[in-house]
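In: Provided below for reference: sequence and predicted model.
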Amino acid sequence: MPPPELWAGALSLLLIHSESGCSHSALNAARVLDRLCDATDIDDETRALCERASNRLSEGKGVAPTPQFGSPES
């Protein structure tokens with residue numbers, strides 16, 4: 001099972017996004033949820049819920065991924 005701090009971090013970022021509309025919090029919450037999805041010891045229903053939430057935060061709200069350092073700018 002993923003550590004409780006990871007779950008708490010995801011919930012905290014979700015609340016910050018919900019309360020302030022901060023797109024960075026949405027992106028970071030999606031990233032934490034993706035890490036939770038990668039855990040091998042969570043059940044399928046929890047994994048599906050994390051994936052759904054991550055997809056909504058990153059795609060549904062128009063949050064763009066953070067550019068990588070050294071990437072050419074378009």
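Out: Perfect, thanks for sending it.

In: please make it C-alpha for all contacts and neighbour counts, starting now.
Out: Will do.

In: centre of the chain versus stretch 8-15, how much separation?
Out: Distance of stretch 8-15 from its chain centroid, counting by Cα atoms, centre = their mean, to the nearest Å, is 9 Å.

In: pretty sure Ile42 sits against Pro3.
Out: No. Assessed by Cα atoms under 8 Å, Ile42 is found out of contact with Pro3, at 11.4 Å.

In: low pLDDT regions in the protein?
Out: Segments of the chain classed as low confidence (criterion: pLDDT under 70) are 60-74.

In: could you pull out the strands in it for me?
Out: Counting by DSSP state E, the chain has no strands at all.

In: and the helices in it, which stretches?
Out: For the chain, the helices defined by DSSP state H cover 4-20, 23-38, 44-55.

In: any chance of the ones you listed in TSV, plus mean neighbour count?
Out: What follows is those, written out as TSV (neighbours: other Cα atoms under 10 Å):
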stretch	mean neighbour count
helix 4-20	15
helix 23-38	21
helix 44-55	15
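
In: tell me the contacts of the spatially most central residue of the chain?
Out: Centroid-nearest residue in the chain, with Cα atoms, centre = their mean: Ala30, separated by 1.3 Å. Each residue near Ala30 by Cα atoms under 8 Å, 6 or more residues apart in numbering is listed here: 10, 53-55, 57-58.

In: please repeat the previous calculation with a cut-off of 7 Å.
Out: Taking Cα atoms under 7 Å, 6 or more residues apart in numbering, we find Ala30 in contact with 54, 57-58.

In: against Arg47, how distant is it?
Out: According to Cα to Cα, to the nearest Å, Ala30 and Arg47 sit 13 Å apart.

In: go on, Leu13?
Out: Counting by Cα to Cα, the gap from Leu13 to Arg47 is 18 Å.

In: now Leu49: how far from Ser20?
Out: Distance, Leu49 to Ser20, using Cα to Cα: 23 Å.
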